[in-house]
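Undergrad: Turn this into a model:
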Amino acid sequence: MPALPLKFGCGPYDRTEALRNGIIQPEGIDLTYVAVEPPPILIDRMVKDREFDASEMFLALYMSLRARGEFPFVAIPAFPSRVFRHAFMFVNTNSGIRAPQDLAGKRVGVPEFRQTASVWIKGILQHEYDVDLHSIHWFEGGDNRPRARDLLDVQPDADPDIDLQFIGEDKTLSAMLADGEIDALLGARRPNTFGVSPHVQRLFPNYRQVEQNYYRKTGLFPIMHTVVLKEELHREHPWVARSLFQAMEESKDWVMTRMLNTGTLRFMLPWMFEDLEEMDRVFEGDPWVYGLEPNRHILNTLMGYLVEQGLMERAVPLEELFAPVE
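TA: Reported below is the predicted structural model:
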């Protein structure tokens, strides 16, 4: 039987390099890997144009829409993007914000209230620092480039008491932060005024240590993206989920083996081997582990944040969101 053609859209990550270059092929699949960045462009092409058979997907967007029955995709428990988020909280030095608790009553920008990174940061602020999200005046819009309003830029359905307004299509949150129009900015990217304006600084200058302490306390290495298949493809060929998942596991192992080769530096990181040793000390295992069970705590935590922030009506069993791959 000929291999099933499958077009896979994903970022050009090290952990998927072997898939991208054809070194590893999913069993029974003739994979065409389409590397697209940045992620919003890739995911827009999947959601609006259904361009790919499988693709990377924002995890919060997937969870919230799939739980409503409004998303014709099904996820596999592979997670190509994880990022700690304390480094992505920025403040204006004239705002009087010195600690997370000082955000109460302030004007805070988020690129998208529903953005996975924003959801994680808001959850961290609420649960780790007792910040009342209802006390904040939220401003939503383009971070480093102006953007038009999206259909999903709406007041959270289950929490109408959140004060949220769109900044317009001619402004950026980055410039507003530097100019003092907002007091803080939380999101997935550094504002382009950071390092340019003396008034834009991180809330946690020692973010690396803060993030390690957070991980040791909570066991959470925040997941940003998952991988989805078109629902009709999954119904017709349910074996594809397991095949693609296993190939992604193999690709991740392939690059890690090569990163550990001490004869040369695979990436332009002068202290990469020290970083790898530190990673072992902190995580005591694979920090990029795939699969539903090893990530159940992280996934349920994010789902809880989505419910609390009005972006999901209720929590659902994870087995309803992820295809079986074991």
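
Undergrad: Show me how far the longest strand seen in the chain is from its chain's centre.
TA: Determined from DSSP state E, the single longest strand within the chain is strand 73-82. Mean-position distance between strand 73-82 and its chain equals 10 Å (C-alpha atoms, centre = their mean, to the nearest Å).

Undergrad: Partner strands of the lowest-mean-pLDDT helix or strand in the chain, with direction?
TA: None of the helices or strands of the chain scores lower by mean pLDDT, DSSP states H and E than strand 163-166, at a mean of 92. Strand 163-166 pairs in its sheet with strand 137-140 (parallel), by DSSP bridges.

Undergrad: Need the mean per-residue confidence for the strand it pairs with.
TA: Averaged over strand 137-140, pLDDT sits at 96.

Undergrad: what's the answer for stretch 15-25, then?
TA: Taken as a whole, stretch 15-25 has an average pLDDT of 97.

Undergrad: Which residues does that stretch contact?
TA: 3, 8, 10, 12, 26, 31, 33, 35, 80, 247-248, 250-252, 254-255, 288 (C-beta atoms under 8 Å, 6 or more residues apart in numbering). (Glycine included, C-beta is placed from N, CA and C.)

Undergrad: returning to what we had before: immediately after the longest strand of the chain, which helix or strand?
TA: strand 89-92 (DSSP states H and E).

Undergrad: Next, count neighbours for Ala323.
TA: Number of residues near Ala323 (other C-beta atoms under 10 Å) recorded here: 19.

Undergrad: Please report how far the closest residue to it other than its chain neighbours lies from Asp44.
TA: Excluding the flanking residues, the one nearest Ala323 by C-beta to C-beta, 6 or more residues apart in numbering is Ala241, at 4.0 Å. Ala241 sits 23 Å away from Asp44, going by C-beta to C-beta, to the nearest Å.

Undergrad: Those two: which is more packed in?
TA: Ala241 (24 against 13).

Undergrad: Regarding that one, which helix or strand does it belong to?
TA: Going by DSSP H and E, Ala241 is in helix 239-259.

Undergrad: Can you give me the buried ones in that helix?
TA: By neighbour count with 16 or more other C-beta atoms under 10 Å, helix 239-259 contains the buried residues 240-249, 251-252, 254-255, 259.

Undergrad: Name the next helix or strand downstream of that helix, please.
TA: helix 272-283.

Undergrad: where along the stretch 101-250 of the chain do the helices fall?
TA: For the stretch 101-250 of the chain, the helices defined by DSSP state H, counting those that start in this stretch occupy 116-129, 173-179, 207-218, 231-236, 239-259.
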